[in-house]
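Asks: The sequence and its predicted three-dimensional model are supplied below.
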Amino acid sequence: MIQTRAFLLPFLLCALCCSVASAQTTSPETNCTIRSNTSCEECLKIVSCLWCISTQKCMNYPVRNVLPSHSLCPLSDARWGMCWMNFQTLIITIAVFVGVIFLAIFVCCFCCCKCESFG
């Protein structure tokens, strides 16, 4: 189960980048505010929508900012992509995942350089 979630995170990050790049205007089909007071699942059917649990509002993701402002919705209450994970946890998980990858690359490079000096 945890491995499946780990594989979903890069795809969610990619989807976030795509939605930020393509969601400059909202059409009636992607207007997220009409899905307010429904459910998180209903709101997040549209990739460019952000659900706020505390206000039960569905809103368009603020494309001009990477992170939604606290006045719009606190990160611990914001949901994007998945209803079971808040935005704050998503950001921390992605940061740890990227950090582990960089650390692994650094260790591999260090080991390769160390082995070449013995030869």
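Replies: Okay, I see it. Predicted, not measured: the structure shown is a model, and the values here were computed from it. Numbering: from 1, shown residues only.
Asks: hey, where'd the helices end up in this structure?
Replies: Here the chain has its helices, by DSSP state H, at 2-22, 40-43, 87-118.
Asks: Distance-wise, check the closest residue to Phe87 other than its chain neighbours relative to Ile94.
Replies: Nearest non-adjacent residue to Phe87, counting by CB to CB, 6 or more residues apart in numbering: Ala78, 3.9 Å away. C-beta here means a position set from N, CA and C on the backbone, and glycine is covered the same way. From Ala78 across to Ile94, the span is 15 Å (CB to CB, to the nearest Å).
Asks: quick one: which of those two has more around it?
Replies: Ala78 (22 against 15; other CB atoms under 10 Å).
Asks: And the residue nearest to Phe87, how far from Cys32?
Replies: Taken as CB to CB, the span from Ala78 to Cys32 is 13 Å.
Asks: likewise Cys58?
Replies: For Cys58, the distance to Cys32 (CB to CB) stands at 5 Å.
Asks: Between the two, which contacts overlap?
Replies: Taking CB atoms under 8 Å, 6 or more residues apart in numbering as the criterion, Cys58 and Cys32 both touch 43, 49-50.
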